[in-house]
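Chemist: Attaching a predicted model along with its sequence, questions to come.
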Amino acid sequence: MASGKGVVIVNDAEEAVEKAEEMLNGKFGQASKRILFEEYLKGEELSAICLYDGNTLLPLEFARDHKKLLEGEKGPNTGGMGAYSPVKMDGDMENSVFNLLKNIENALKRENIRYHGVLYVGMILTKDGAKVLEYNVRFGDPEAQALMVRLQNDLQELLTDVFNERLEKVELRWGDPSNVLTIASEGYPFSPKKDVEIGNFHELAKELGVNVFGGAIKKKNGKYFSDGGRVLSVAAVGEDAHERTLAFAKRLDFPSKVYRKDVF
Ligand code: GLY
């Protein structure tokens, strides 16, 4: 509805009024006719993507997204500029995250919410513990890439277990740490450059042993071009995952590329 850009974090009341007016005046059409103010949560993000089969809420490994466009968590919010998994936390914080997930599982049952599928719990790890920022009933992007390249179980079997309400018995197996970088096109998130040719990614992916996931990309006469903001993402697994995704981003032949170097 707002292409992942419907959230703004404001620094004072004046800016809040300005942004609210823009939205209520139709910045995102019908999608911004109503707006919601939420408490500002300070801390690092955590994406807890879970499977739910009506009884068992099974968290996948945790991942961390980087939603700001620029390094050092600056610039506008985006749909996600990169992610990594797993996420290191101290024991107290980890307990707080698992308690929160347990409360969510209990609430789903208590309120008799009949749901089978993916529950994405977006959290902020505040000084008072983990707090929920948002829920989605889908996988997250780019966190899903960070998880899927690590997952050793068969995804189809897992999803069948969701359907057949067998998550209680599932044991998840995970490979080495992963790192994912989003390659966006200049101007993203407001007016990304389209129709810019993207060269060499097949060759680079092979050489660096990384996975490339297409996003806003199109193919014309056997060549690839940008077709929107987040053009592709690159995922690698292993202790040097970040070095390899970064090498891919640096060497990619795509003149309007924009990416962050501090996603790790
Ligand atoms: N990475 C954030 C989301 O998918 O909502």
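Modeler: Cool, got the structure.

Chemist: Please count neighbours and contacts with C-alpha atoms only from this point.
Modeler: OK.

Chemist: Need the pLDDT of whatever residue of the chain ends up closest to the ligand.
Modeler: Closest residue of the chain to the ligand, Cα to the nearest ligand atom: Gly140 (3.2 Å). Looking at Gly140, its pLDDT reads 94.

Chemist: now do Glu73
Modeler: 89.

Chemist: Touching, the residue of the chain closest to the ligand and Gly122? I think so.
Modeler: No: at 9.2 Å, Gly140 does not count as touching Gly122 under the criterion of Cα atoms under 8 Å.

Chemist: tell me, what's touching the two both at once?
Modeler: In terms of Cα atoms under 8 Å, 6 or more residues apart in numbering, Gly140 and Gly122 are both contacted by the residues Ser47.

Chemist: For the stretch 151-264 of the chain, just list every one of the helices.
Modeler: 155-163, 201-208, 241-251 (DSSP state H, counting those that start in this stretch).

Chemist: brain fart, the stretch 1-150 of the chain
Modeler: Counting by DSSP H, counting those that start in this stretch, the helices of the stretch 1-150 of the chain are 13-24, 91-110, 143-148.

Chemist: Would you mind listing what in the stretch 51-200 of the chain touches the ligand?
Modeler: Asp65, Gly79, Gly80, Gly140, Asp141, Pro142 (Cα under 6 Å from any ligand atom).

Chemist: circling back: highest average neighbour count across the helices of the stretch 1-150 of the chain?
Modeler: helix 143-148 (a mean of 24; mean count of other Cα atoms under 10 Å).

Chemist: Run through the residues that contact Phe201.
Modeler: Contacts of Phe201 (Cα under 8 Å, 6+ apart): Val212, Leu252, Asp253.

Chemist: and the gap between it and Gln145?
Modeler: Distance, Phe201 to Gln145, by Cα to Cα, to the nearest Å: 17 Å.

Chemist: cool, and Phe98?
Modeler: 23 Å.

Chemist: Please apply the same query to Leu159.
Modeler: 17 Å.

Chemist: Please enumerate the strands of the stretch 101-250 of the chain.
Modeler: 117-126, 129-136, 178-185, 197-198, 211-214, 217-220, 223-226, 230-237 (DSSP state E, counting those that start in this stretch).

Chemist: any idea which of those is most buried?
Modeler: strand 178-185 (a mean of 30).

Chemist: Only C-alpha atoms, please: export that strand in CSV.
Modeler: This file holds the C-alpha atoms of strand 178-185, laid out as CSV (Å, rounded to 0.1, in the frame of the first residue of the first chain):
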residue,chain,number,x,y,z
SER,A,178,24.5,-15.5,6.8
ASN,A,179,24.7,-12.0,5.5
VAL,A,180,22.4,-10.3,2.9
LEU,A,181,22.8,-7.0,1.1
THR,A,182,20.1,-5.2,-0.8
ILE,A,183,21.3,-3.5,-3.9
ALA,A,184,18.9,-0.6,-4.6
SER,A,185,18.8,1.9,-7.5
